[in-house]
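Trainee: Got a sequence here, can you build the structure:
(chains A and B)
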There are 2 protein chains.
Amino acid sequence: MNAQNKLPRVVIIGAGFGGLKAARALADAPVQVTLIDRNNYHLFQPLLYQVASAGVAPSEIAYPVRAVFRGQKNLDFQMAEVRRIDLANHRLFTDRGELEYDYLILAAGGQTNFFGMQSLEHNAFDLKELGNAVAIRNHVLRQFELAALEPDAEIRRALLTFVVAGGGPTGVEMAGALSELIRLVLAKDFPRLPVQDARVLLLEAADRLLPAMPADLSAETARALGKKQVEVRFGAAVSGYDGSAVALRGGERIPARTLIWAAGVRAAGLVESLGVPLARQGRVPVTPSLQLPGHPEVFVIGDAAYLEDANGQALPMLAPVAMQQAACAAANIRALIRGETPQPFSYRDPGSMATIGRNRAVAQIGPLKLRGFLAWAAWLFVHLVQIIGFRNRLVVLVNWAWDYIFYDRAVRLIGEWEDPGKFASEKAGVG
Amino acid sequence: MNAQNKLPRVVIIGAGFGGLKAARALADAPVQVTLIDRNNYHLFQPLLYQVASAGVAPSEIAYPVRAVFRGQKNLDFQMAEVRRIDLANHRLFTDRGELEYDYLILAAGGQTNFFGMQSLEHNAFDLKELGNAVAIRNHVLRQFELAALEPDAEIRRALLTFVVAGGGPTGVEMAGALSELIRLVLAKDFPRLPVQDARVLLLEAADRLLPAMPADLSAETARALGKKQVEVRFGAAVSGYDGSAVALRGGERIPARTLIWAAGVRAAGLVESLGVPLARQGRVPVTPSLQLPGHPEVFVIGDAAYLEDANGQALPMLAPVAMQQAACAAANIRALIRGETPQPFSYRDPGSMATIGRNRAVAQIGPLKLRGFLAWAAWLFVHLVQIIGFRNRLVVLVNWAWDYIFYDRAVRLIGEWEDPGKFASEKAGVG
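Mentor: Now for the predicted structure:
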């Protein structure tokens, strides 16, 4: 459209933490940037569990990509889904057309790993997208409405049994928030239901929660969840789920109408179109400078990339890794344009944290270990500061403050808002 | 479950303005109340257009019914869809079972009237439910994303032409807010699109807007919309819509990918199951004391009821009518229980108002006529005070204040969150 057409074209796939950071890092570079995502918003994934547990509204953790980049003149956004990458010809194929690149940053992120268990893929919920979180919220609340009208005690127990699989941060946070939603809010909303019989189970195949944390914080996490009436079970590996009972390896069956699968992640399926050998979790092995071997113009960052640290450990699929790699990839593209050598990536671990309900958390920051309320306050601060956009931050803060003071949740709406099937039947209804 | 089972059972269908008010008015009556709605929330309908124009989030104008009635011991809520009413046997049939009543308050509300035009029913949007509003928001934003990638100028013009049909308050408010979203927000989000070419048309079949208002306020409304770049056309009656061009009676066709139908309402379809003759707009004729002729135990209120005022005019389908009738119906049920005679309903008109974008409105309150910013401030005050729940009010206020100060909109997310079809295809995608 103008002189920028002569500049090298950098295409960034994915507007997650990595893609967003890479785009910003190229703001004053002599390049033309095209950022592609199939959604028109950036999602603040660490708070997805809050949407799923009716704590905050979807719009409070999502921010329009175009609003983020209003001031950045060298960037163009495209809402499109990338179908295939043609490495040989430097081309992308999307559901809206084709695109050429001089440099590519593949920041496609991760997706849920069901490890080939189709019964889980069909019947369990997962928690990677905003839509997943809204679906969980609607489903959980609907189970209570159904239980309120259910005469059969056994069916009622299955309706009120919520199983979370996976003892990583997502599973821990989801189970804690769900139990609090039930004990502190829904118990009051359903005075005629025996809500004390409702169960939240957290199943972990190994023998501890939060494996990336020190052992004493793992133990503290299990204790704190127990106090919040989450039943934590170790050595419990899910082998299937038919929608009415969770099957465990060993033969046990837990009647439950809800299974939330938080026990596996892998790289986004798009990376398979690269036609290169993939590492564990479907991740793309990259050079120390984050380039695709044999394709120095292609950088892969974040969950989609496979790189080991100095100790031979794979870098974790976490936002800080993606953001630091984004900065490195952007710097390396500038270096290549100047004819210099790209530099290797090195990861500085900022620590990790996980919340356990509304006022407890565990955190590890370098040698420092925090637990309890102090860790929770640190978690709150870190996440509020990170949320993009001042207004969202304020609204989320109002919501959380209300939640904290009144043990209430505002967003407990059952909203099937885009399901055309439901819609058609609603038209004849009542309301 | 207890002694309340011996009390007369009042069933209220619908948790809109009328049903909610009726339920509250029976809080200390010697009755057992069952409130039924197919949604688990009360919807603040007057602000639906704000959701549709990305101004506020769905959860800001919806409030869980169970939260509203936490303190009311004689009330039980059921989330269910009423399918049929058996007047002879005092029974209701819902999608979850059956229910008996001693007294029935039918507050089922209204639904969109397409006047039998199937092409509109299939291709146009309407604005009665929260889902409709979210669908409009997603659709409008998507047209801009599509236009940004569209090389054909003619198709791009159709993508950026938004037609609103119906010059009542809903049409006026929708057109004004939509034009502001486009001129003040999306123009900045899409710097490479010729957003000045985007059109918002408001079509009215008669010769004035807001027919319930005095003629000078109607004229003022048309002027104010014109200043906001809404093209107001009178004598323009829509005869059909195939999804790509709006057909007008007379033969004209307006190429447009969006038609929002706000030109007709009727009573909810459920009233047809009563098997009684219906009045205009499918409404149920009631006695002056709001009872169904021949069925003194059945009260019909709000949009579903047909009653004329002293001048022979049908009472309008507005929230104040529904709420005043709710109070009357509740009082009349108390009277019947005491063996007294039910009293006739009389309507006290509190006035009416409509907004025209972010800082103008027109209002009529008795002999008082307001216009411009003052009317808008009055509108804002009245609606904020009415919104149920303190937290919602605060969040909506924060959103509106932000909107007003920065000409920004937070909620412009394209979120197809409950569409299973979309979901399946997203799983293989990128993000």
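
Trainee: Give the full set of residues in contact with the residue lying closest to A:W261 once chain neighbours are set aside.
Mentor: Nearest non-adjacent residue to A:W261, counting by Cβ to Cβ, 6 or more residues apart in numbering or on different chains: A:A124, 4.2 Å away. Bear in mind the C-beta positions are built from the backbone N, C-alpha and C, glycine included. The contact partners of A:A124, by Cβ atoms under 8 Å, 6 or more residues apart in numbering or on different chains, come to A:114, A:165, A:241, A:259-261.

Trainee: ditto for A:A279
Mentor: With contacts defined as Cβ under 8 Å, 6+ apart, the neighbours of A:A279 are A:285, A:306, A:314.

Trainee: Could you do A:L290 as well?
Mentor: Per Cβ under 8 Å, 6+ apart, neighbours of A:L290: A:299-301, A:305, A:307, A:325, A:328-329, A:332, A:342, A:345.

Trainee: How confident is the prediction for the closest residue to A:E60 other than its chain neighbours, by pLDDT?
Mentor: Counting by Cβ to Cβ, 6+ apart, the nearest residue to A:E60 once its immediate chain neighbours are dropped is A:V396, at 4.8 Å. Here, the pLDDT recorded for A:V396 equals 73.

Trainee: A:V396 is in what secondary structure piece?
Mentor: Using DSSP states H and E, A:V396 maps to helix A:390-406.

Trainee: now swap in A:A354 and tell me
Mentor: Secondary structure assigned from DSSP H and E places A:A354 in strand A:352-355.

Trainee: which helices and strands sit right next to that strand?
Mentor: Using 3 or more Cβ pairs under 8 Å, 6 or more residues apart in numbering or on different chains; DSSP states H and E as the contact definition, the elements that strand A:352-355 packs against are helix A:169-180, strand A:361-365, helix A:372-386.

Trainee: Out of those, which is closest to B:F69?
Mentor: The closest approach between B:F69 and any of these, judged by Cβ to Cβ, belongs to helix A:169-180 at 22.0 Å.

Trainee: Could you list every helix and strand in contact with the closest one?
Mentor: The elements that helix A:169-180 packs onto, with contact taken as 3+ Cβ pairs under 8 Å, 6+ apart, are helix A:48-52, strand A:161-165, strand A:199-204, helix A:215-227, strand A:230-234, strand A:352-355.

Trainee: Tell me which residues are up against the fourth one.
Mentor: For helix A:215-227, the external contacting residues (Cβ under 8 Å, 6+ apart) are A:172, A:175-176, A:179, A:202, A:208-211, A:213, A:232, A:354, A:356-357, A:360, A:362, A:364, A:369, A:371.

Trainee: I'd like to check the angle between it and helix A:372-386, please.
Mentor: 100 degrees (axes from the mean of the first three to the mean of the last three Cα atoms, to 10 degrees).

Trainee: how about helix A:215-227: buried residues?
Mentor: Across helix A:215-227, burial judged by 16 or more other Cβ atoms under 10 Å in any protein chain shown covers A:217-218, A:220-222, A:224-225.

Trainee: Distance of A:Q111 relative to A:I301?
Mentor: A:Q111 sits 16 Å away from A:I301 when distances are taken as Cβ to Cβ, to the nearest Å.

Trainee: try A:S218
Mentor: When A:S218 is compared with A:I301 (using Cβ to Cβ), they lie 29 Å apart.

Trainee: Likewise for A:R233?
Mentor: As it turns out, when the distance is counted by Cβ to Cβ, A:R233 lies 36 Å from A:I301.

Trainee: again, but for A:L87
Mentor: Relative to A:I301, A:L87 is positioned 17 Å away (Cβ to Cβ).

Trainee: The two: which has the busier surroundings?
Mentor: In terms of neighbours (other Cβ atoms under 10 Å in any protein chain shown), A:I301 is the more surrounded of A:L87 and A:I301; the figures are 34 against 16.

Trainee: so who does that one touch?
Mentor: Counting by Cβ under 8 Å, 6+ apart, A:I301 makes contact with A:18, A:22, A:105-107, A:290, A:322, A:325-326, A:328-329.

Trainee: same check, this time on A:V271
Mentor: A:106, A:108, A:278, A:282-284, A:300, A:304.

Trainee: hmm, 10 Å instead?
Mentor: Taking Cβ atoms under 10 Å, 6 or more residues apart in numbering or on different chains, we find A:V271 in contact with A:85, A:106, A:108, A:278, A:282-284, A:300, A:303-306, B:430.

Trainee: Can you classify A:L186 by secondary structure?
Mentor: Secondary structure, DSSP: H, G, I helix; E, B strand; the rest coil: A:L186 is helix.

Trainee: hey, least reliable of the helices and strands packed on strand A:352-355 by pLDDT?
Mentor: Among the helices and strands packed on strand A:352-355, helix A:372-386 scores lowest, with a mean of 82.

Trainee: Give me the angle between it and helix A:169-180.
Mentor: 110 degrees.

Trainee: Tell me what angle helix A:372-386 forms with strand A:361-365.
Mentor: Direction vectors for helix A:372-386 and strand A:361-365, defined by the same axes, to 10 degrees, enclose an angle of 70 degrees.

Trainee: Identify all contacting residues around helix A:372-386.
Mentor: By Cβ under 10 Å, 6+ apart, the list of residues contacting helix A:372-386 from outside reads A:17, A:44, A:46-47, A:50, A:61, A:173, A:217, A:220, A:224, A:319, A:323, A:350-351, A:353-365, A:368-370, A:392-394, A:396-397, A:400, A:404.

Trainee: can you rerun that using 8 Å?
Mentor: With Cβ under 8 Å, 6+ apart as the test, helix A:372-386 has contacts from A:44, A:46-47, A:353-355, A:358-363, A:365, A:370, A:393, A:396-397, A:400.

Trainee: Next: stretch A:241-259.
Mentor: Judged by Cβ under 8 Å, 6+ apart, the contacts made with stretch A:241-259 from elsewhere in the structure are A:119-120, A:123-125, A:139-140, A:143, A:154, A:157-159, A:161-165, A:201, A:203, A:236-240.
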